[in-house]
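[1] Predicted model and sequence below, questions to follow.
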Amino acid sequence: MSTETNRNFLFLKQIEQEIATRVISLIVESGAPVNRKPVRKRDKALKTAESYIFESSGAVITIPELCLASNASQRTLEYAFRERYGCTLKAYTLIYRLNNVHKQLRQAEPGTARVSGIAQQYGFWHMGQFSADYKKLFTMLPSATLKRKI
């Protein structure tokens, strides 16, 4: 090989290496989101609180307990739930528990299941208040849901 040919070969190798490096860096850069929003403490707390509520299987959860689990203040959680769902944290947990009762009542056998027994599994002890909250949400009494064939 002549010196000129050797130089051209090395130059081509150098260009190939440079192209490969640039292609790899472009591929890596294209995988990253362009306008990624910063994660707010409120969003993180909301996600953690939701997970905690879902894992509770409908048990009564206090607001201080949720604050502790999500490592956020009550105000932060209140703002997060109002922003995302348009309701307070307390209303959200109540609706979640009522929905669990509703599912159980729809699946239960009318002759053997009792509304009060199912409601108590989800932390409802005052049957008058429970019935009023249930009717407000589902526009029917819990007993009507139990008797209904779906």
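    Received, thanks. Please read all numbers here as calculations on a predicted model, not as lab measurements. Numbering: from 1, shown residues only.
[2] Which residue is the nearest non-sequential neighbour of residue 84?
    residue 46 (6.0 Å; CB to CB, 6 or more residues apart in numbering). To be clear about C-beta, it is placed using only N, CA and C from the backbone, and glycine gets the same treatment.
[3] following the lowest-mean-pLDDT helix or strand in the chain, which helix or strand comes up?
    In the chain, no helix or strand scores lower on mean pLDDT, DSSP states H and E than helix 3-31, which sits at a mean of 70. With elements assigned by DSSP states H and E, the helix or strand that comes after helix 3-31 is helix 41-55.
[4] Can you tell me what sits against that following helix?
    61, 66, 69-72, 76-77, 79-81, 83-84, 89, 92-93, 96 (CB atoms under 8 Å, 6 or more residues apart in numbering).
[5] so what secondary structure elements neighbour the helix or strand that comes right after that helix?
    Using DSSP H and E, the helix or strand that follows helix 41-55 in sequence is helix 63-70. Applying 3 or more CB pairs under 8 Å, 6 or more residues apart in numbering; DSSP states H and E, one finds that helix 63-70 contacts helix 41-55, helix 74-85, helix 89-107.
[6] okay, the first one in PDB with CA atoms only?
    It refers to helix 41-55. Only the C-alpha atoms of helix 41-55 are listed here, as PDB (Å, rounded to 0.1, in the frame of the first residue of the first chain):
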ATOM      1  CA  LYS A  41     -44.700  16.800  44.700                       C
ATOM      2  CA  ARG A  42     -48.500  17.100  44.400                       C
ATOM      3  CA  ASP A  43     -48.600  14.600  41.500                       C
ATOM      4  CA  LYS A  44     -46.300  12.100  43.200                       C
ATOM      5  CA  ALA A  45     -48.400  12.400  46.500                       C
ATOM      6  CA  LEU A  46     -51.600  11.800  44.500                       C
ATOM      7  CA  LYS A  47     -50.300   8.700  42.800                       C
ATOM      8  CA  THR A  48     -49.000   7.300  46.200                       C
ATOM      9  CA  ALA A  49     -52.300   8.100  47.900                       C
ATOM     10  CA  GLU A  50     -54.300   6.500  45.200                       C
ATOM     11  CA  SER A  51     -52.200   3.300  45.400                       C
ATOM     12  CA  TYR A  52     -52.600   3.300  49.200                       C
ATOM     13  CA  ILE A  53     -56.400   3.600  48.800                       C
ATOM     14  CA  PHE A  54     -56.600   0.800  46.200                       C
ATOM     15  CA  GLU A  55     -54.500  -1.500  48.300                       C
END
